[in-house]
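> Give me coordinates for this.
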Amino acid sequence: MQFLRIGDRRLAYEVRGPLRGALPPLIAPAWWVSHLELDWQQPGVQRFWTGIADDRTLIRYDRLGVGMSDREVRDVDLTLEAEVDTLRALCDELELDRVSLLGGSSGSATAIAYAAEYPERVDRLVLYGAYARGNQLTPPEVGQAIVSAIDAHWGLGARMLSDIFLGSADTAAHERFARLQRESATAETAAALLGMVYELHVSAHLPRVRVPTTVVHRRDDRAVPFRLGREVAAAIPGAILVPLQGDSHFPWHGDVDAVVRACRGGLAAPTRDTPPPHAALLSARERDVLGCVARGLSDREIAEQLAISPHTVHRHVANIRDKLGCPSRTAAVAEASRRGLL
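Sure, this is the predicted structure:
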């Protein structure tokens, strides 16, 4: 555990692996609340992060006010600009000229804004459970009710959020997560930060992102609806959407390995000026269809967009899966991304 001084407070961060490896370090912008030490005690969290970053350095941090960082949050901290400034300060402290970013949930807003503002410092951008406008996460009156519940009774509020975030996870997982939330932040801080989450707005940044981007999103995510991730992918030039099955918002619950494969595929995506090395593997029409699949379109939607029959789309998808040696559409998208076909 290390600490970065920001003004008169300390930000806790951890570095796993050598900073000067062959690949750019991977930084995970802070989520809503976290606790570096307690998070890592969860087997799912370890499996997720070690699976994604087994060949590169991983850097995570607790935002000011939560976890191992100084437990004071101020009004000035509750802005997107402050989030981006924190990420930049950490990169400067570690003398990192270029990094890859994995922005999950509210951390996706920070990652998007940073990539738009500092494209020369970002190698790859992977977004999980992302959204562009916090006010679309839930109706305003519901969001305010959740924030008020947390502020009034952190125990009940934590359990309410556990039901939203974890979906169909078992009772023990819900209890562990609710307890982790309470140990990571005070009720006042958690409420203030969740209020910020509902106000984050990065729509204007999306068209300015010019780094290879992969958007990974579970179709039945109960905290951030799939349509919001799809909108993010559609607004970032050249972004790839990788839809996954599942209803848990956290990637370390449910089918962890599927999320790891999709994120690693995004981190291996070629640069925009590099020709795809396996381009001849698929026909031009197959690549058109594959691009639509990556955006989460159904066979009927693809047929309408490409002016072909749904049966023809189905045949193309089957051929793509066969050529890539993949058992599913999702796996084919991830493999195609890894090979530079998207």
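> Just confirm A334 is within a strand.
No. Counting by DSSP: H, G, I helix; E, B strand; the rest coil, A334 falls outside a strand, being helix.
> Can you tell me the element the closest residue to it other than its chain neighbours falls in?
In space, A334 comes closest to G265 once its chain neighbours are excluded; the distance is 4.1 Å by Cβ to Cβ, 6 or more residues apart in numbering. (Glycine included, C-beta is placed from N, CA and C.) Secondary structure from DSSP states H and E places G265 in helix 256-267.
> tell me which residues in that helix are buried?
V256, A258, V259, V260, R261, A262, C263, R264, G265, G266, L267 (16 or more other Cβ atoms under 10 Å).
> Next, format those as JSON lines and append pLDDT and distance to E231.
Compiled in JSON lines, these are given as follows (pLDDT from 0 to 100; distance: Cβ to Cβ, whole Å):
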{"residue": "V256", "pLDDT": "93", "distance to E231": "25"}
{"residue": "A258", "pLDDT": "92", "distance to E231": "22"}
{"residue": "V259", "pLDDT": "94", "distance to E231": "20"}
{"residue": "V260", "pLDDT": "93", "distance to E231": "24"}
{"residue": "R261", "pLDDT": "91", "distance to E231": "24"}
{"residue": "A262", "pLDDT": "91", "distance to E231": "18"}
{"residue": "C263", "pLDDT": "93", "distance to E231": "20"}
{"residue": "R264", "pLDDT": "91", "distance to E231": "24"}
{"residue": "G265", "pLDDT": "87", "distance to E231": "21"}
{"residue": "G266", "pLDDT": "90", "distance to E231": "18"}
{"residue": "L267", "pLDDT": "91", "distance to E231": "23"}
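> rewinding a little: pretty sure the residue nearest to A334 is touching A331, no?
No. With contacts counted by Cβ atoms under 8 Å, G265 stays clear of A331, the gap being 9.6 Å.
> Number of residues surrounding the residue lying closest to S108 once chain neighbours are set aside?
Nearest residue to S108 in three dimensions, chain neighbours excluded: A130, at 3.6 Å (Cβ to Cβ, 6+ apart). Other residues near A130 come to 30 when the count uses other Cβ atoms under 10 Å.
> contacting residues for G229?
L127, G129, A130, Y131, V215, V216, H217, D221, L241 (Cβ atoms under 8 Å, 6 or more residues apart in numbering).
> returning to that earlier point: give me phi/psi at the residue nearest to S108?
Main-chain torsions, A130, degrees, to the nearest 10: phi -90, psi 160.
> for this protein, what are the low-confidence residue spans?
Along the chain, segments meeting pLDDT under 70 span 167, 269-280.
> quick one: the strands in it?
Taking DSSP state E as the test, the strands found in the chain are 2-6, 9-16, 26-28, 58-61, 99-104, 122-128, 213-218, 240-244.
> Render the CA-only coordinates of the last one in CSV, please.
Translated: strand 240-244. Output of strand 240-244 as CSV, limited to C-alpha atoms (Å, rounded to 0.1, in the frame of the first residue of the first chain):
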residue,chain,number,x,y,z
ILE,A,240,-16.6,-2.3,-29.9
LEU,A,241,-19.6,-3.5,-27.8
VAL,A,242,-19.3,-6.9,-26.2
PRO,A,243,-22.6,-8.0,-24.6
LEU,A,244,-22.5,-10.7,-21.9
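> now the angle between strand 122-128 and it, please.
30 degrees (axes from the mean of the first three to the mean of the last three Cα atoms, to 10 degrees).
> roughly how far out does strand 240-244 sit from the chain middle?
Taking the mean of its C-alpha atoms, strand 240-244 sits 11 Å from the chain's own mean (Cα atoms, centre = their mean, to the nearest Å).
> helices or strands up against it?
Helices and strands touching strand 240-244, by 3 or more Cβ pairs under 8 Å, 6 or more residues apart in numbering; DSSP states H and E, are strand 213-218, helix 226-235, helix 256-267, helix 284-294, helix 329-339.
> would you list the ones you listed in CSV and tack on distance to R74?
Shown next, in CSV, are the helices and strands packed on strand 240-244 (distance: least, Cβ to Cβ, whole Å):
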stretch, distance to R74
strand 213-218, 32
helix 226-235, 29
helix 256-267, 33
helix 284-294, 41
helix 329-339, 40
